[in-house]
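Visitor: Output the structure for:
(one chain, ligands or ions: 1)
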Amino acid sequence: MTTHTPLMKMAADARVAMLDPSRSTIVGARAHPRFELFHAASSLCSQKVRTVLSEKRLPYRSNDMLILSSMGPDGVVPAEHYSPAYVRLRLLAAPASGRGYVSGYSGRTSVETEGFDPCVVPLLVDHEAGRVVADSRRICGYLDAVSRQPLQLVPDDPAAHAEVMRQVGIVDTIPNGALLYGFHPDADLRPGALKLVMATVYEHKIMALEQLIAANTDAPELVAAYRAKIVKESGGRRVRHDAAFQRAARDQVGDLLKDLERDLAAQSFSCLHGHPFSLADVLWGVNLVRLNYLGLSSMWSGLAQVGRYFETLVQRPSLCREAIQASVNSMPPSTYMRGITECAAAAA
Ligand SMILES: N[C@@H](CCC(=O)N[C@@H](CS)C(=O)NCC(=O)O)C(=O)O
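Guide: Predicted structure coming up:
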């Protein structure tokens, strides 16, 4: 395998900046795998990428990062993906995104619509190609393009390809940030322990980023990255308790689920109706599991096709492991996960 020494060094630096080396492990049977993933067990976008890696049976070095900043006895402890070494590595992927830095907050995390966030996971390093790839949507497409076996997740047939990619684009617009971080005024069904974390999450993020700016004044590229992140997180803090904003985000999800019901009924894609398992199934699967975790599965109680789709997807071993089991292991317990953890236990 060709190796790219400067990139290897940057990836090693990002790894070393993690607090606990035991969270850097090898998945699969290769001592020096081609791919390296910086991610978090709880992160929805990371779950999407890990599900693709699992479907492809690709070995990789897994760096499971702590993505919450916290308050320690000596002040704020920045999340690991804010470390200068990780952000420097991530910035290598910024030009390929074709977007400037994120400059506001909408509750969505799509690079296409929001811009490039320099301080998030997941991030893929392809040591053989000497490339760094950011953004779950882009990473999943990249992995499917470089590894066509044992299954292809984006079909070649033009009509099937267009429909799968249309669904991929739809999932990318779900306001997942608003749903996870926001306090819904009418029915906030998130686990109590999660709400407690979310009560101070923005304050901790912003304090950590300000601390990092102060410590890196000699590195303008880092300062610009941290400033962009502060702009985004300050926006999130402003609307965290904004009833109209939170209701609008929930309504948008309701509309997208109705569209999904219509598309499933039209049998235009999905493993539910005999189409080969695709990237659209991966992304809907991970996202429906997250909605279920947040107590929102009642949103599809009147949508029979979506209900059946969810029941089918949660049986998929890759989704059981990387979305269900990973959420159960890394996030505060949610009573809504009880019904679907059996398959995860079987897949473990
Ligand atoms: N569009 C990006 C979004 C990445 C993103 O928002 N990641 C979240 C986890 S799913 C994150 O790192 N959050 C921690 C933070 O914002 O500090 C992708 O799909 O990869």
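
Visitor: So which residues on the stretch 201-348 of the chain come close to the ligand?
Guide: residue 205 (Cβ under 6 Å from any ligand atom). The way it works is simple: take the backbone N, C-alpha and C, and place the C-beta from them, glycine included.

Visitor: which residues in the chain form strands?
Guide: 24-27, 35-39, 60-64, 70-72, 75-77, 123-126, 131-134 (DSSP state E).

Visitor: ok, now how distant is the most centrally placed residue in the chain from the ligand?
Guide: By Cα atoms, centre = their mean, the chain has its centre lying nearest to residue 45, at 1.2 Å. Separation of residue 45 from the ligand (Cβ to the nearest ligand atom, to the nearest Å) stands at 4 Å.

Visitor: check contacts around the residue lying closest to residue 41 once chain neighbours are set aside.
Guide: Nearest residue to residue 41, sequence neighbours excluded (Cβ to Cβ, 6 or more residues apart in numbering): residue 330, at 3.7 Å. Residues counted as contacts of residue 330 (Cβ atoms under 8 Å, 6 or more residues apart in numbering) are 40, 41, 42.

Visitor: nearest to the ligand, of the strands of the chain?
Guide: strand 131-134 (6.7 Å; Cβ to the nearest ligand atom).

Visitor: For residue 26, which non-adjacent residue is closest in space?
Guide: residue 61 (5.7 Å).

Visitor: same check, this time on residue 238
Guide: That would be residue 105: by Cβ to Cβ, 6+ apart, it lies 7.5 Å from residue 238.

Visitor: my guess is the one you found contacts residue 228, does it?
Guide: No - the criterion here is Cβ atoms under 8 Å, and residue 105 misses it with residue 228 at 11.4 Å.

Visitor: Distance of residue 257 relative to residue 170?
Guide: In this view, residue 257 and residue 170 are 10 Å apart by Cβ to Cβ, to the nearest Å.

Visitor: What of residue 194?
Guide: From residue 194 to residue 170 the distance is 26 Å (Cβ to Cβ).

Visitor: Same question for residue 17.
Guide: From residue 17 to residue 170 the distance is 35 Å (Cβ to Cβ).

Visitor: All set, thanks.
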